[in-house]
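Participant: generate a structure from the sequence data that follows.
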Amino acid sequence: MAEVELAIGGMTCASCAARVEKKLNRMDGVVATVNYATEKARVTFADGVTPDDLVATVARTGYTAELPRQETDPTDDTAEHPDPAVASLRQRMLVTAALTVPVLALSMVPALQFDHWQRPALTLAAPVVTWGAWPFHRAALTALRHGGTTMDTLVSLGVTAAVGWSLYALFLGDADQIYLEVATGVTLFLLVGRYLEARARRASGAAMRALMSLGAKDVAVLRDGTEVRVPVTALQVGDEFVVRPGEKVATDGEVVRGTSAVDASVLTGEPVPVEVGSGDAVVGATVNVGGRLVVRATRVGADTQLAQIARLVEAAQNGKADVQRLADRVSGVFVPVVIAIAVATLGFWLGTGAQPELAFTAAVAVLIIACPCALGLATPTALLVGTGRGAQLGIIVKGPEVLERTRRVDTVVLDKTGTVTTGRMSLLDVVPADGVSRADVLRLAGALEAASEHPVGQAVAVAAAAELGALPQVHDFTSVAGLGVQGLVDGPADTTYAVIVGRPALLAEWSQQLPTELTRALAAAEADGRTVVAVGWDGAARGLLVVADTVKPTSAQAVRALRDLGLRPLLLTGDNAAAAQAVGREVGIAPEDVIAGVLPAGKVDVVRRLQGEGRVVAMVGDGVNDAAALAAADLGLAMGTGTDVAMEVSDLTLVRGDLRVAADAIRLSRATLRTIKTNLAWAFGYNVAALPLAAAGLLNPMIAGAAMAASSVLVVTNSLRLRRFEAS
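Facilitator: Residues are numbered from 1 along each chain as shown. This next block holds a predicted model:
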């Protein structure tokens, strides 16, 4: 199976999208989703089908389709310029308004009606109902040619009927009963509505365009030691490029030379710049705020993190929630039903002996009021704004069905390492023996551990260097597997210390027993789930070093935020119970909600057990060992600082790696879903209420046209409120 995204042209309403989608899905081996708001079709197709076949099918339906460009040029800034289609629509709207206003004035203000005023009105109305309304007529004719109907069919029929009646009355009947103001007014109101809708839809995609424009436009590449300025598209994996202070990092890479601070807020939302040096990874579109860096490109083009985020956002915007699929089905059959209702309305009023004018007015009002456009816009516009805003806050939503699952979640399972904690060992405490200075314990242990690659040793070495500065030289370093390290460390005045750092058992082999005060400190630290190493030199145990994976500063706040959303947080870890309970206490998770000693396969069992108890489970994790549980959960949230596998199987990705964003993601998802439901409730309710009024002759067709246009604008405007969503 292959997948392609087509740009669909010529769609004017939700019924158009439904027709294209239906035609594509009738092809063997094809599964398509067509989005009216984004004017795109995401199509999965089997080996026997080609993209050209898909384009031809769309063309036979009466619309246009284009294959995507293979590569996006980051220097392309067309998104910053006015959309030609929107500009053309604006011009058509303004000319129509200039011609319509005099027609409305002549038709509705008796004081302005001179003898034979109808003929000048007809002269002014003619360009409006032909050129001004041509988009509606053209779309209706295209649909008719392919045996279908759309919203434009209703508009074209209504305008044509009003003009036809007016011509009949003007030349063959009572010239006082003409409906030129209806034909021109409806055309103007619908053009205004479509123009505002187009602008609002463009605004709803602003976050996505902003995301795509974050990358650098050009880059200084090193060629034989000389800097050469080239477009970013010319970069290849392995190229070394220069990033000066204030410049954007051109693509994902690894620092080769230099140290600096990098501002990653554009991608993660994290305001504090991150210190980077040789060997550290940097991400494209982040900003160098410190010194000069030389970076080796590791991923370019579509493989970069920015491009992957953009693809995930766009995929989410192109999908459909279950509620939208219902709206699409309604829109697909709505137009024929409305035409039938209009004919029935005309027949009913004529059959009851009413004046033909009343029967005609009611039938035209039914045609005009029943536009299903708002139904088609209800979900896509909210998704565009919601997912775009999420991307700005570092929340990537994989699809609209995710939004529906967030509403039902009642339990959140939090992986400990890398999610609640930093995932990196840190020195928490130094406990010297009686008569020994803390600095001596840290200096000698730090010097010896600096030669070790073990995470515990590195934590000690980093803390010692940060606190004490340069560390002494080490000789005859030896690592004892599973127990610790030993060696000779230089001291003052050409002295040398024989230092041992490791498990108490290693010191015991050298007859260095822990004194009573250190034994008590060891037991207390291990009871709290800490990792403890002993330090000895010159024949005696001299102190303890307490090391642990530290809790992220924001984790406790995140747990409170999840509880405020009505969720029950649980802590899940493969660590021992003491370490897990210590972390649980620190972040505010009850002891009974801490599940320790769980192997990777067991994490899936825990999720399924909770689901078996009737709970709807969200899982938050970051590692490869969390991937299966993330996939099994009703809602998977992956920390963006974790592995690619975890992010691939999750439903939501939290780019920043801050657990507080999990609560923000659920809040944003729920807010987006609420907006979708509000939009659909309005769209359905509007049509249900308006159709009977129109059929009863209680709505002037011109008022019906204004109301119909206003309903679409209202739906889009309601969706735009999501742009104001703020992180906690």
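Participant: quick check: end-to-end length of stretch 522-533?
Facilitator: From its first residue to its last, stretch 522-533 covers 9 Å (Cα to Cα, to the nearest Å).
Participant: and the helix of greatest length in the chain, how far out from the chain's middle?
Facilitator: Longest among the helix segments of the chain by residue count, using DSSP state H, is helix 660-695. Distance of helix 660-695 from the chain centroid (Cα atoms, centre = their mean, to the nearest Å) equals 19 Å.
Participant: please apply the same query to stretch 651-669.
Facilitator: The answer for stretch 651-669 is 10 Å, by Cα atoms, centre = their mean.
Participant: where are the low-confidence patches of the stretch 451-600 of the chain?
Facilitator: Applying pLDDT under 70 to the stretch 451-600 of the chain flags the ranges 481-482, 599-600.
Participant: tell me where it has strands.
Facilitator: For the stretch 451-600 of the chain, applying DSSP state E, counting those that start in this stretch gives strands covering 474-480, 484-490, 496-502, 531-537, 540-551, 568-572, 594-595.
Participant: between these, which gets nearest to Lys217?
Facilitator: strand 540-551 (39.9 Å; Cβ to Cβ). Where C-beta positions appear, they are placed from N, C-alpha and C, glycine not excepted.
Participant: other SSEs contacting the closest one?
Facilitator: Applying 3 or more Cβ pairs under 8 Å, 6 or more residues apart in numbering; DSSP states H and E, one finds that strand 540-551 contacts strand 421-432, helix 438-449, helix 455-468, helix 516-527, strand 531-537, helix 577-587.
Participant: now mean neighbour count too, for these, in CSV please.
Facilitator: Shown next, in CSV, are the helices and strands packed on strand 540-551 (neighbours: other Cβ atoms under 10 Å):
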stretch, mean neighbour count
strand 421-432, 19
helix 438-449, 24
helix 455-468, 19
helix 516-527, 15
strand 531-537, 26
helix 577-587, 20
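Participant: output these as CSV; include the columns distance to Asp224.
Facilitator: Formatted as CSV, the helices and strands packed on strand 540-551 follow (distance: least, Cβ to Cβ, whole Å):
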stretch, distance to Asp224
strand 421-432, 39
helix 438-449, 42
helix 455-468, 37
helix 516-527, 56
strand 531-537, 49
helix 577-587, 52
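Participant: just to revisit the earlier point, and the longest helix of the chain with strand 568-572, angle?
Facilitator: Orientation note: helix 660-695 sits at an angle of 140 degrees relative to strand 568-572 (axes from the mean of the first three to the mean of the last three Cα atoms, to 10 degrees).
Participant: okay, buried residues for helix 660-695 please.
Facilitator: 660-669, 671-673, 675-680, 682-684, 686-687, 690-691, 693-695 (16 or more other Cβ atoms under 10 Å).
Participant: then stretch 491-508?
Facilitator: The neighbour-count check on stretch 491-508 (16+ other Cβ under 10 Å) flags Gly491, Thr496, Tyr497, Val499, Ile500, Val501, Gly502, Arg503, Pro504, Leu506, Leu507 as buried.
Participant: contact partners for the third one?
Facilitator: What that stands for is Tyr497. Leu444, Leu488, Val489, Asp490, Gly491, Trp537, Asp538 (Cβ atoms under 8 Å, 6 or more residues apart in numbering).
Participant: give me that answer again for 7 Å
Facilitator: Leu444, Leu488, Val489, Gly491, Trp537, Asp538 (Cβ atoms under 7 Å, 6 or more residues apart in numbering).
Participant: out of these, flag the one nearest to Thr554.
Facilitator: Leu444 (35.1 Å).
Participant: then stretch 18-30 to CSV, C-alphas only?
Facilitator: Output in CSV follows, covering the C-alpha atoms of stretch 18-30 (Å, rounded to 0.1, in the frame of the first residue of the first chain):
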residue,chain,number,x,y,z
ALA,A,18,-18.3,14.1,-0.1
ARG,A,19,-18.7,13.5,-3.9
VAL,A,20,-14.9,13.4,-4.5
GLU,A,21,-14.4,11.1,-1.5
LYS,A,22,-17.2,8.7,-2.6
LYS,A,23,-15.8,8.5,-6.1
LEU,A,24,-12.3,7.8,-4.9
ASN,A,25,-13.4,5.1,-2.4
ARG,A,26,-15.3,3.3,-5.2
MET,A,27,-11.9,2.5,-6.8
ASP,A,28,-10.5,-1.0,-6.0
GLY,A,29,-7.9,-0.9,-3.2
VAL,A,30,-8.4,2.9,-2.5
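Participant: contacts for it?
Facilitator: 8, 31-34, 41, 43, 45-46, 48-49, 54, 57-58, 61, 63, 148, 328, 331-332.
Participant: buried ones among the residues you listed?
Facilitator: For those, buried by 16+ other Cβ under 10 Å: 8, 32-34, 41, 43, 45, 49, 54, 57-58, 61, 63, 148, 328, 331-332.
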